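K.L.:
sequence and predicted structure, then a few things I'm wondering about:
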Amino acid sequence: MRGPQRVPAAVAAALASACAVWEAGRVLGLEPFTRASLSMIALGYASATMAHWWPVAAIRALVLAALVGVAFAALRPNPPDPILDCAQVLQQKSGASILVGLVFAVVFLSFVAGTYLRGRRVPMVATAVPALSIYGLAGVFTSGFSLQVSFSGFLFAAVYAMAYEHLLSQSTPATGSFPPRRSARSALGLAAGYLALLLPLSFPLASLSQRMTPGLTPAERDRLRRTLFSTDDDPGYSRLSETVSLAGGMRTTGEQALMRVKTTTPGLLRGRIYDVYERGCWSQSQLIETSIPLGDGPVGRRGRRAARRHAGGLDASDAREAAREERRRYFTHPPRHSRPPQEHARRVTQQMDLLGRVPGSVLCAGIPLEVITTREDLTVDVTGLVFGKTDWREGDTYTVVSEVPDVPEPLLRRAPGGQPPEEGHWIQIPVSVAPVRELALTIAGKERTPYARAEAIADYLRAHCRYSLSVPSAPRDEDPIVHFLTTGRKGACDLFAGATAVLCRALGIPTRLVTGYLLTELDDDGTYLVRERDAHAWVEIYTEPYGWIPFDPTPGNNTPAGSPSGREWQAWWSKLSPRGLTFLAEALLLGILGAVVAGARGKRRHEDASIRFRPRASDAHGETQHAYHQACRHLARRGVPRQVGQTAEEYLAVVRESGLPEEIRVSMEALTDLFEQACYAPAGSALPDAGRARVLAATIRKLPRRWKRS
Amino acid sequence: MNHATEPLSDVDLQALAEKTTRIVNEIQTVIIGKAKAVRLAVVTLLCNGHLLIEDIPGVGKTMLGRALARSVGGSFKRVQFTPDLLPADVTGTAIFNPKTAEFEFRPGPVFGNVLLADEVNRATPKTQSSLLECMEEGQVTRDGVTYRLPHPFFVIGTENTTESQGTFPLPLAQLDRFLMRLSLGYPSNEEELLLLERQMKRHPIEDVKPVVTPEEVVTLQEMVTSIHIERALREYVVKLVDATRRHSAIHFGASPRGSLGLMRASQAYAATAGRTYVIPDDIKAVAPAVLTHRISLKPEVRARGITAEGTVEEILRTVPVPVLRR
């Protein structure tokens, strides 16, 4: 590849690698790590392409040093705000971090290789190939539209730059002196042509690996993702553990799919409730921990018969059907006082299909009333939530009917406080957070009712604290919530919810922390997909007479990860395709043709400016020139073209040597004379004989098509 | 310079062409072969410019000057430039005449129609500049008195490039003042054979007769300015010179003096061909001689074997020739 093409090829490779790393990082949920490596890569590539300029070589050295330095900096104990927390990364997902490390190694090697290859004249665009394949691989695991958008965005810039540079390198220095307007236009035309040609190819290129893995249903994709990225460790509250620790560090943003939920009501899924907060940790007190086994409800009608049949040895399909029919329906019979009044309650039916190992909580929107499942080890606790002793496994399914409070906000704001009938430590706060009492009074002392106070607290938190997945660690002797409210001011949903709960409790409002999941991702088949990153924490406050009302103080889109814009894009794209995609492809194809033709014509015009011309046919000069032009074109088609820098005389010399028949040569000589006279003679001189010129041109045109230059 | 408005009549033009041809032929009796070089030399004379010949010794530089001078009926003067040559030796000195008890101005060699300045690069810059001043101004001032140089005044400077010891090479700014730079080179074997034959008994220079008078040469010079050159061709000239400035291998391109010189030379060339108008071939024919010595290459390209001649050729090949329309 020639010199000027190296730069845009490097740019293309850099952008491709950057996008690949970005997507891989997003898939695996390592946002700060991705950011850091991206900025390093970008700087590195930029400096590699301009290395002949000495300040940039200095920048490159700086980048490499910074990369090494950052890695070391991240290994410090208790960094206040780690951008590259290697220890935690390795802790969380060894498989994922290995893969990301590989990706980064590939990118880095391509950077190094590119610099090395520059002297070897191997095209640097080859380094974009691994990046492209990684793109496709990443596309297998994420259905994100942002992947395609970012990819096409990078292609726009990179291909355009490549084509434009290619065009400029083709023009000789001499022709560079042409009027800038014309050359820029033709250059743009050609660049647009290249771009339009390659753009439709880029989509199949990028998603090649996707296409090659045919018919991956969402469930199969989930399984594939899980086999690569599963770990057994417990990353905290998102797994509905017994305690919720509010320590500093990075919050998980795992993309692993946990279950599919078929429901008409998106929203919160309650999983576990905590009532005690001490030493930076939410946990369940003994009062609410105890649970009783869920009674046996009426079994399905054909259940026992099916069980008997199953014991007799049936084939696979019958056995499956039998198994499905063995589901049990359980009724929880929650006490009347713990439920909202009937006029403000709504029943919601949800069906969950498990896609992985989830702790055995029965997740539901409100208070579970009925659970239909094949399990037999369910228990119900004081708060009304249903648990199983063992985890749910992949393939399990259950249906739950629950009751959610449906109270309009004005009523909520007027509802007075009260004492919950359940026993539990609903207003307990430890000594270590005593300082927040004053703060709570300042924020919400003016409000009268629990809900209004909670709203005031939530507003305060939204205004003064920032949502972030990487939470600064509190000093050893300071409470995390106090640190969050005073110094850190950065936290994820667990800190927002925990702070809200503590502040409400400081005002005497019975509050409890709830963890669970948030339903946001609507899939193609109408079900909601719940991923690890949809784990969420919120609070419930007690009001009379509506009972425990869920309240979510976290700002933003209320999940630890996932960009709102990504979801919007997803929705828009799903509306657009597939019909929209076809239309887009057709428009692009038409655009290609037009741009290529325009660009080609522009280029030809640029080169042939000296050969082609549009003489005015009316006067003698114009006619003579036209005749000459025709003759030249005719001879050019026979293999004797006129070059750009050739004068008429020089062309005549070429014609003489080309072995044309005698009469053609003679005619051309005479025609050249007339042409020169027409072109260069002063205005007052004799008019050229246009008629004779026409005759001569006609003679030349008689040259047979089959004549070949000897 | 103003472009003469009335076109040359055919008769005038015939006369112009014919006289030029006669001069060329006369010179060719002495200089065997080298038709193009001789023609270009005559063209330089017609443009009122000056010629620089860069060559190996003994190929006929002096002969060319002498033949040219004799064929136009002018006087021929020759100066051998040496490091100890003084400016006064070039322009003329004031000598005290005891009889009249006054300083008399003895004109130097510049007071001739054709001056051959041999090995210009061997003299000191001061002497070089005195010559160049004369070329530029056409007069010499001494002791407050201005002496005009004769018309036509034609300088043929020579540079011997084989030895660079003890030379003061002409800088680019001063090379620019010469309209053309030629190189005669060795004759071919046949030409050398012919040369030996011709000079067997007596030197042919003795037989060169003036075919025109110096006044006629001045008239011819004026007529050349009225050769028609189309606007598109003038643009072509400018484009060529512009290309020399933009070429990637060239450090400094030709100056506007170069474009002016190119235009003039192409007009004169067309006249010598018997045409009242310039065609692109004329421009291409004179361009190498006019432009090559005005450009300087970048230091790093010389190592790659790129020469100024090659660059100019490339430019001529790639700049589109105008095929204009009215």
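P.N.:
Here it is on my side, so go on.
K.L.:
so where's chain A shaky on pLDDT?
P.N.:
A:1-240, A:248-255, A:289-290, A:295-326, A:470, A:556-618, A:684-685, A:708-710 (pLDDT under 70).
K.L.:
ditto for the stretch 151-300 of chain B
P.N.:
Using pLDDT under 70, the flagged stretches of the stretch 151-300 of chain B are B:164.
K.L.:
up against chain A, what does it have?
P.N.:
For the stretch 151-300 of chain B, the residues in contact with chain A (Cβ under 8 Å from any Cβ of the partner chain) are B:228-230, B:232-233, B:239, B:242-243, B:246-248, B:276-281, B:284. From N, CA and C alone the C-beta is placed, and that goes for glycine too.
K.L.:
please pick the buried ones from these.
P.N.:
Buried residues within these, counting neighbours by 16 or more other Cβ atoms under 10 Å in any protein chain shown: B:228-230, B:232-233, B:239, B:242-243, B:247, B:276-281, B:284.
K.L.:
farthest pair in the residues you listed?
P.N.:
B:H247 and B:T276 (33.2 Å; Cβ to Cβ).
K.L.:
next one: the residue nearest to B:P107 when sequence neighbours are not counted from A:Q419, what distance?
P.N.:
Spatial nearest neighbour of B:P107, chain neighbours left out: B:G92 (4.4 Å); criterion: Cβ to Cβ, 6 or more residues apart in numbering or on different chains. Separation of B:G92 from A:Q419 (Cβ to Cβ, to the nearest Å) stands at 128 Å.
K.L.:
those two: who's more crowded?
P.N.:
Between B:G92 and A:Q419, counted using other Cβ atoms under 10 Å in any protein chain shown, the more crowded position is B:G92 (18 against 10).
K.L.:
surely A:I481 is in contact with A:L246?
P.N.:
Yes: counting by Cβ atoms under 8 Å, A:L246 is a contact partner of A:I481 at 6.5 Å.
K.L.:
any shared contact partners between these two?
P.N.:
A:280, A:495, A:498 (Cβ atoms under 8 Å, 6 or more residues apart in numbering or on different chains).
K.L.:
run a quick neighbour tally on the closest residue to the first one other than its chain neighbours.
P.N.:
Put plainly, it is A:G280. Ranked by Cβ to Cβ, 6+ apart and with sequence neighbours excluded, the top spatial neighbour of A:G280 is A:P480, at 4.5 Å. Residues near A:P480, counting by other Cβ under 10 Å, number 27.
K.L.:
okay, and the beta partners of the nearest residue to A:D396 once chain neighbours are set aside?
P.N.:
With sequence-adjacent residues excluded and distances taken as Cβ to Cβ, 6+ apart, A:D396 is closest to A:L354, at 4.5 Å. Beta-bridge partners for A:L354, by DSSP bridges, are A:M259.
K.L.:
tell me the helix or strand right after the strand or helix carrying B:A268.
P.N.:
When elements are assigned from DSSP states H and E, B:A268 belongs to helix B:256-272. Note on helix B:256-272: by DSSP H and E, the next helix or strand toward the C-terminus is helix B:280-291.
K.L.:
following the chain past that next one, name the next helix or strand.
P.N.:
Scanning onward from helix B:280-291 (DSSP H and E), the first element met is strand B:296-297.
K.L.:
so in that sheet, which strands flank that next one, and in what orientation?
P.N.:
Here, using DSSP bridges, strand B:296-297 pairs with strand B:250-252 (antiparallel).
K.L.:
chain center to the partner strand, what's the gap?
P.N.:
Centroid separation for strand B:250-252 versus its chain: 23 Å, with Cα atoms, centre = their mean, to the nearest Å.
K.L.:
what of stretch B:51-64?
P.N.:
Using Cα atoms, centre = their mean, the offset of stretch B:51-64 from its chain centre is 12 Å.
K.L.:
export that stretch as CSV, just CAs?
P.N.:
C-alpha atoms of stretch B:51-64 as CSV (Å, rounded to 0.1, in the frame of the first residue of the first chain):
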residue,chain,number,x,y,z
LEU,B,51,22.3,32.3,-23.1
LEU,B,52,24.1,30.1,-20.6
ILE,B,53,25.9,27.2,-22.0
GLU,B,54,26.9,24.5,-19.5
ASP,B,55,29.3,22.2,-21.1
ILE,B,56,32.5,20.2,-21.2
PRO,B,57,35.4,22.0,-22.8
GLY,B,58,36.0,22.0,-26.5
VAL,B,59,32.6,21.3,-28.0
GLY,B,60,32.2,24.6,-29.8
LYS,B,61,30.9,27.2,-27.3
THR,B,62,33.2,29.9,-28.5
MET,B,63,32.6,28.9,-32.1
LEU,B,64,28.9,29.3,-31.6
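K.L.:
re the thing from before, quick one: contacts for the residue nearest to A:G280?
P.N.:
Counted by Cβ under 8 Å, 6+ apart, A:P480 has contacts A:246-248, A:280, A:474, A:495, A:498.
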